[in-house]
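# just need the structure, nothing else, for what follows:
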Amino acid sequence: MNWILLIIAGLFEVGFASCLGKAKETTGIVSTYWMAGFFVCLSISMILLYKATQVLPIGTAYAVWTGIGAVGTVLVGILIFKEPATFWRIFFLSTLIASIIGLKFVSSH
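Sure, this is the predicted structure:
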């Protein structure tokens with residue numbers, strides 16, 4: 001269950017990073033809405049990360065949380081913000097995914 005909370009927390013990290021990107025692209029009230037989304041996603045992500053670290057080791061949980069956020073944010077950048085999908089970006093993204101999976105398997109919880 002704590003791993004599920006951690007994965008959801010990581011997805012909300014992607015949400016707050018994406019909201020930040022959209023807030024940067026917009027102005028006025030629309031930008032304010034994106035910033036509100038940022039704060040909501042940030043809060044949910046932090047609460048879920050906190051709950052997961054009550055059982056999971058902090059080092060593993062934090063690394064997995066940031067890894068999910070990093071991978072997800074890069075994918076959102078490529079798919080939504082039209083950032084380049086170069087060979088090296090995809091290669092290192094793949095190694096990051098492999099590292100996240102590896103941490104999950106070597107964790108004692």
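
# may I ask which helix or strand of this structure has the lowest mean pLDDT?
Least confident helix or strand, the chain: helix 87-106 with a mean of 92, by mean pLDDT, DSSP states H and E.

# need the contact list for the most centrally placed residue in the chain.
By Cα atoms, centre = their mean, the chain has its centre lying nearest to Gly69, at 1.7 Å. The contact partners of Gly69, by Cβ atoms under 8 Å, 6 or more residues apart in numbering, come to Gly10, Glu13, Val14, Ala17. Where C-beta positions appear, they are placed from N, C-alpha and C, glycine not excepted.

# please, which helix or strand holds the last one?
Assigned by DSSP states H and E, Ala17 falls within helix 2-25.

# neighbouring contacts of that helix?
Here helix 2-25 makes contact (Cβ under 8 Å, 6+ apart) with 31, 34-35, 37-39, 41-42, 44-49, 51-52, 54-56, 61, 64-69, 72-73, 76-77, 80-81, 104, 109.

# run the last query once more with 6 Å
With contacts defined as Cβ atoms under 6 Å, 6 or more residues apart in numbering, helix 2-25 is touched by 31, 34-35, 37-38, 41-42, 44-45, 48-49, 51-52, 55-56, 61, 64-65, 68-69, 72-73, 76, 81.

# okay, now Thr60: neighbour count?
Neighbours of Thr60 under the rule other Cβ atoms under 10 Å: 19.

# can you tell me the closest non-neighbouring residue to it?
Of all residues beyond its chain neighbours, the one nearest Thr60 is Ser107 (4.8 Å), with distances taken as Cβ to Cβ, 6 or more residues apart in numbering.
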